[in-house]
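Q: after the sequence you'll find the predicted model.
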Amino acid sequence: MFKYQHVHLEALAYELPQNVVTSVELERELAPVYERFGVHEGRLELMTGIRERRFWDEGTLPSDASTKAGQKVLDASGISPDQIECLIHTSVSRDCLEPATASIVHDNLSLPKGSVMYDISNACLGFLNGIVSLANMIELGQVKRGLIVAGESSRQLVRSTVDQLLGAAKLTRPEFKAAFASLTIGSGAVACVMAHDSVSETDHRLEGGVVRTATEHNDLCRGSADTGFDGKATMTMQTDSETLLVGGCALASETWAAFKDTLGWDNGDVDRAYCHQVGATHRDRFYESIGLDPAHDLSTFEFLGNVGSVSLPLTMAMGIEKTPPPPGERIAMLGIGSGLSCVMLGASW
C-alpha cells in the first residue's frame with residue numbers, strides 16, 4: 001500500500017492526434033473476413049461502444065507525442081524545465097528498444113543534466129506506476145518536482161492487424177476473435193507534473209493507494225516482441241477478451257476493498273472516478289464488480305478507443321478541464337492492465 005503526506009498533483013495536460021479512423025472504416029476494409037465468418041458491419045462498435053479512434057501522422061514517434069504533452073503540462077503548471085528533477089516515460093509505445101524513450105523526451109524538453117530519467121513499461125498501467133514511483137521519490141525528499149509522460153501510437157498495431165487478417169490463408173474463427181481487441185486501440189499523449197508540498201502551487205494532494213496482482217492470467221493478452229516504432233515493425237497482439245474481463249473484474253473487486261481500507265474511504269466518499277477505458281462492457285462490469293455508481297465515471301472510449309497507458313490519465317485530464325473539481329473533492333484513479341495487475345490511487349482536490 002502507499003500513503004503520502006507531501007505529494008501534490010500540480011497539473012495534467014494531453015495531446016490528441018488529428019487523424020480520426022472510424023470502426024466502420026476498419027470493418028469495410030475487413031469485409032472479406034467479415035463475410036467469411038458471417039459478421040455484419042457495425043459489430044465492432046456494437047460489442048465495444050467504440051465508434052472511432054485516432055492515429056498520429058505518419059512518422060510521428062511516441063517521443064514526439066510525449067514531448068508535446070510534456071511541454072503543455074509545463075506551460076500549464078508554470079514550472080520551468082530546469083525545475084524538473086525526474087522524468088519518467090510510461091507508455092507501451094516506445095521509439096526503440098534502446099535507449100530509453102525518456103532520454104529523447106528529456107533532450108527535447110531541455111531538462112537538467114542532473115535530473116533522473118527512465119522508462120516504465122507495464123501495459124496499460126504504466127502511467128499509474130509512474131505516479132507511484134515519482135510520488136515515492138517526492139515523499140522521501142529525493143526530488144521536489146517531477147514529470148511523467150506517455151505517448152501511445154496505435155497506427156502500427158491496427159494496420160498490422162488488418163493486414164494480418166486479410167492476408168491469412170487459413171484464418172480460423174478463434175484467431176479472428178483473438179485479434180479483434182487490437183482493432184480498438186487508439187492513440188494519444190498525456191503528461192503530469194507532481195511536486196512536494198513545500199514547493200507546490202496547488203492543494204491537489206495524492207493521498208495514496210494500493211496494488212494487487214493476478215499474474216496467473218499473464219497469458220491472456222500477449223503482444224509481439226518489442227521492436228520499437230521506427231515504422232518497419234509488424235506488430236500483433238492476441239487477446240482472450242472474455243476471460244480477461246472476468247479475471248480483471250475479480251481483481252478489481254479485491255483491489256477496491258484494499259483501497260478503501262488503506263485510505264479509510266467508502267463508496268460514498270468518491271466524487272469522481274476514472275478507470276481504464278477499454279469499452280462499454282468492461283466499464284459496466286468493472287463498476288458493478290466494485291459496487292460504485294458509474295455516474296461518477298467519465299468515458300472517452302467512444303471517440304478515443306483504448307489508448308493504453310494514456311487512457312486513464314487522459315480521461316482524467318479531460319474531465320478536470322471540462323469541469324474543474326471544487327476544493328476537497330475526492331478522485332479515484334482505477335487502473336488495470338494485462339498481466340494482470342491493478343493499481344488504485346486516491347487524490348483529494
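A: In hand now; what should we look at? Residues are numbered from 1 along each chain as shown.

Q: C-alpha from now on. contacts and neighbour counts both.
A: Fine.

Q: pLDDT weak spots in the stretch 151-300 of the chain?
A: Where the stretch 151-300 of the chain drops to pLDDT under 70, the residues are 225-233.

Q: recalculate using a threshold of 50.
A: Within the stretch 151-300 of the chain, no stretch falls below the threshold (pLDDT under 50).

Q: and the helices in it?
A: 155-167, 173-179, 241-263, 280-290 (DSSP state H, counting those that start in this stretch).

Q: name the residues that touch the shortest one?
A: Helix 173-179 is touched from outside by F37, T161, L165, T236, M237, Q238, T239, D240, S241, with contacts defined as C-alpha atoms under 8 Å, 6 or more residues apart in numbering.

Q: nearest to N136, out of the helices of the stretch 151-300 of the chain?
A: helix 241-263 (16.4 Å; C-alpha to C-alpha).

Q: now that closest one: how far from the chain's centre is it?
A: 17 Å (C-alpha atoms, centre = their mean, to the nearest Å).

Q: now mean neighbour count too, for the helices of the stretch 151-300 of the chain, in TSV please.
A: Shown next, in TSV, are the helices of the stretch 151-300 of the chain (neighbours: other C-alpha atoms under 10 Å):
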stretch	mean neighbour count
helix 155-167	18
helix 173-179	15
helix 241-263	18
helix 280-290	18
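
Q: need those helices in a markdown table with distance to A191, can you?
A: A markdown table is the format used below for these (distance: least, C-alpha to C-alpha, whole Å):
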| stretch | distance to A191 |
| --- | --- |
| helix 155-167 | 21 |
| helix 173-179 | 30 |
| helix 241-263 | 24 |
| helix 280-290 | 23 |
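
Q: P32: which of the ones you listed is closest?
A: Once those are compared by C-alpha to C-alpha, helix 155-167 is nearest, at 7.5 Å.

Q: what does that closest one rub up against?
A: 26, 29-30, 32-33, 55-56, 171, 176, 179, 182-183, 185-187, 229, 231, 233-237.

Q: out of those, which end up buried?
A: 26, 30, 33, 55-56, 176, 179, 182-183, 185-187, 229, 234-237 (16 or more other C-alpha atoms under 10 Å).

Q: okay, which residue is most central for the protein?
A: S309 (2.1 Å; C-alpha atoms, centre = their mean).

Q: which residues touch the closest residue to it other than its chain neighbours?
A: The spatially closest residue to S309, leaving aside those adjacent along the chain, is C124, at 3.9 Å (C-alpha to C-alpha, 6 or more residues apart in numbering). Under the criterion of C-alpha under 8 Å, 6+ apart, the neighbours of C124 are S91, V92, H276, G308, S309, V310, S311, G335, I336, G337, S338.
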